[in-house]
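Trainee: here is a sequence with its predicted model. Questions after.
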Amino acid sequence: MTTPLRGQMMDVPLTVSSLLAHASRFFGTTEIVSKRIEGDVHRYTYRDCEKRAKQLAQGLIALGVEAGDRIGTLAWNGYRHLETYYGTTGFGAVCHTINPRLFPEQIAYIVNHADDRYVMFDATFAALVDVLAPQCPNVQGWIALADDAHLLRLATPVIGYEALVCAQDGDFDWPVLDERLASYLCYTSGTTGNPKGALYSHRSTVLHAYGVSLPNASGLSARDCALPVVPMFHVNAWGIPHAAPLTGAKLVLPGKDLDGKSLYELMEAEHVTYSAGVPTVWLGLLNYVREAGLRFGSLERTVIGGSACPPALLRMFRDDYGVQAIHGWGMTEMSPLGTVSRLNREQTMRSPDEQRRLLEKQGHVIYGVDMKIVGDGGRELPWDGVAFGDLHVRGPWVIDGYFRNDVSPLIDGWFPTGDVATIDHDGFMRITDRSKDLIKSGGEWISSIEIENLAVAHAAVAEAACIACAHPNWKERPLLVVVKRPNADVTPEELLGFYEGKVAKWWIPDDVVFVDELPHTATGKVNKLRLREQFRDHILSSARNIENCPLADRGMAGSGSTPVPE
Ligand code: ADP
């Protein structure tokens, strides 16, 4: 028997610092442009960025920070935040990005749970820091991401970031780290229960950056100019701050102003070719562009994810503005990228309708992620586009446990995402719902996402959410909550009529309620938990008089046997 033969290749660890070191060495003059909260635009290069990240590392080490210590950040997308990404992880500390849109009590919980040693913050969050500091006694110092001239007066003593950085010379070699050491700590937003920490490793971060950069995913390259609208405090801005230096793409960081006008002007001024963000941001941008009668001068493609992207939005980008809109899916526990909706060669030769149907789904996995759907008892379900079940994933950038939590979330080595999905013959996955948002009517499932997607295709609808409402006969029935477009007029009957012929009759919501705005989570998604609480006592018109229940003539069997239609 021959002995297995080991390869004779260098064992170079995959470390986060290597990404910036590469960009500094080979794309040294490529720009990083930031819209600063001070109001002006700051520009420098990857070479400058690496030098200052090294100065920061020296400064933190001088403060006594050691490998393994967590450093929190409360900051917008900007060059100083980027420096903290690399200036902490570069010597083995852990960069813990915190979502400032969470409630202060949740943030305090997260800072304490992570046991952050220092927290760096943008001036926007100065008042928040004064609220947090007394509740976070283990934080040794609060570092204001500002120069001395912009240091605000706080009750909490603060360290000035520029003073810390400028006191160092940047003559520092990134240490060679074990690639399995922790790099970033990101907490889920915890809409149910306390937030949970996903602790990435250097290896997972670098492999994820490769995955994000693939032509089948973002396809970023040194010819691109990337503007991540998705915040750096939310799942590492979907990996763009790593994929951009890996590929040598120019990076544009938009700061705090994420309204349509500010984004559009920055995109045009910097000739942005690639962007990424949640659907709400794009609705704002497209509304502005449409109302002002503008066109995109350079934008080629954009990734839309974080919550289901309404097909109407994909169509508008492509048909009205010639921008390739790529639907993507992922989650904090997956670093976050899981799937993207991009066609293969053969699929691009199918009918336009068939292509459109595929592109509206959440898409196929990229190399590095494996997925399956399972039904009762963990039975794997077929990839027929009809059977739907719990979506499970695995791969080198998927968590295998939560930070400081001994209970393994895995089932047979797979991570259960909490999403419910179908997978079709092409391997394209479609999310029907988050399992907790599914509506079960008379034993049959109704996809709230599909009902919402149709609602926003109506010209009078700006935003819509579909939730389960208690019903005496069917247990749950769908209620549609709608925000109308400014100056648009539509009646509930008209909206319900819009569904005729588009979905099974019994999927049509029982009621429509108009509201001025929908509640959103800290990551910009509709907060269905809050919405369900808000409408807990709503009595559906169909339930008011059961005798006249319109469901009776909708042929609802309630047997639990009908599959969800594609
Ligand atoms: P949270 O919102 O809980 O902080 P994430 O940002 O990690 O956490 O959210 C991940 C979840 O967002 C997914 O499990 C899924 O339910 C939803 N999601 C993300 N992208 C999409 C998409 N393209 N379509 C539908 N749902 C999506």
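Mentor: That came through, no problem.
Trainee: up against the ligand, what does the chain have?
Mentor: Neighbours of the ligand within the chain, by Cβ under 6 Å from any ligand atom: 188-189, 305-309, 327-329, 331-332, 336, 362, 417-419, 431, 434, 521, 523, 525. Heads up, the C-betas are built off the backbone N, CA and C, glycines and all.
Trainee: which residues does the closest residue to residue 502 other than its chain neighbours contact?
Mentor: Using Cβ to Cβ, 6 or more residues apart in numbering and skipping residues adjacent in sequence, the residue nearest residue 502 is residue 454, 5.7 Å away. By Cβ atoms under 8 Å, 6 or more residues apart in numbering, the contact set of residue 454 is 498-499, 502-503.
Trainee: among those, which are in helices?
Mentor: residue 498 (DSSP state H).
Trainee: how about the contacts of residue 454 in CSV, adding pLDDT and neighbour count?
Mentor: Shown next, in CSV, are the contacts of residue 454 (pLDDT from 0 to 100; neighbours: other Cβ atoms under 10 Å):
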residue, pLDDT, neighbour count
498, 94, 18
499, 94, 18
502, 90, 12
503, 88, 16
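Trainee: could the contacts of residue 454 go into CSV alongside distance to residue 293?
Mentor: Below are the contacts of residue 454 laid out as CSV (distance: Cβ to Cβ, whole Å):
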residue, distance to residue 293
498, 28
499, 32
502, 31
503, 35
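Trainee: the ligand: which of the contacts of residue 454 is nearest?
Mentor: Nearest to the ligand among those: residue 503, at 17.9 Å, using Cβ to the nearest ligand atom.
Trainee: wait, isn't that closest one in contact with residue 450?
Mentor: Yes - counting by Cβ atoms under 8 Å, residue 450 is a contact partner of residue 503 at 6.6 Å.
Trainee: so residue 277 touches residue 313, yeah?
Mentor: No - using Cβ under 8 Å, residue 277 is not in contact with residue 313; the gap is 11.4 Å.
Trainee: quick one on the thing from earlier: among the contacts of residue 454, which two are most distant?
Mentor: Distances among those were taken as Cβ to Cβ; the most separated pair is 498 and 503, at 10.3 Å.
Trainee: residue contacts, the closest residue to residue 363 other than its chain neighbours?
Mentor: Using Cβ to Cβ, 6+ apart and skipping residues adjacent in sequence, the residue nearest residue 363 is residue 341, 3.4 Å away. Each residue near residue 341 by Cβ under 8 Å, 6+ apart is listed here: 326-328, 358-364, 428.
Trainee: and what of residue 160?
Mentor: So residue 160 contacts 143-144, 146-148, 151 (Cβ under 8 Å, 6+ apart).
Trainee: which strand residues bridge it?
Mentor: residue 144 (DSSP bridges).
Trainee: quick one: pLDDT of it?
Mentor: pLDDT for residue 160: 97.
Trainee: same check on the one 10 residues further on?
Mentor: In this model, residue 170 is scored at 98, pLDDT.
Trainee: and residue 542, by the same measure?
Mentor: 86.
Trainee: before we move on, back to that, quick one: which of the contacts of residue 341 is most hemmed in?
Mentor: Highest neighbour count within those, by other Cβ atoms under 10 Å: residue 363, with 26 neighbours.
Trainee: verify the stated contact: that residue with residue 328.
Mentor: Yes - under the criterion of Cβ under 8 Å, residue 363 is in contact with residue 328, at a separation of 6.8 Å.
Trainee: identify the contacts common to the two.
Mentor: 339-341.
Trainee: in strands only, show me these.
Mentor: Judged by DSSP state E, those include 339-340 as members of strands.
Trainee: tabulate the shared contacts of residue 363 and residue 328 (TSV), appending pLDDT.
Mentor: Shown next, in TSV, are the shared contacts of residue 363 and residue 328 (pLDDT from 0 to 100):
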residue	pLDDT
339	98
340	98
341	97
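Trainee: count of neighbours near residue 483?
Mentor: Count around residue 483 with other Cβ under 10 Å applied: 16.
Trainee: ok, for it, nearest residue in space, not its chain neighbours?
Mentor: Nearest to residue 483 is residue 463, by Cβ to Cβ, 6+ apart, at 4.4 Å.
Trainee: can you give me phi and psi for the one you found?
Mentor: Here is the backbone geometry of residue 463 (degrees, to the nearest 10): phi -150, psi 150.
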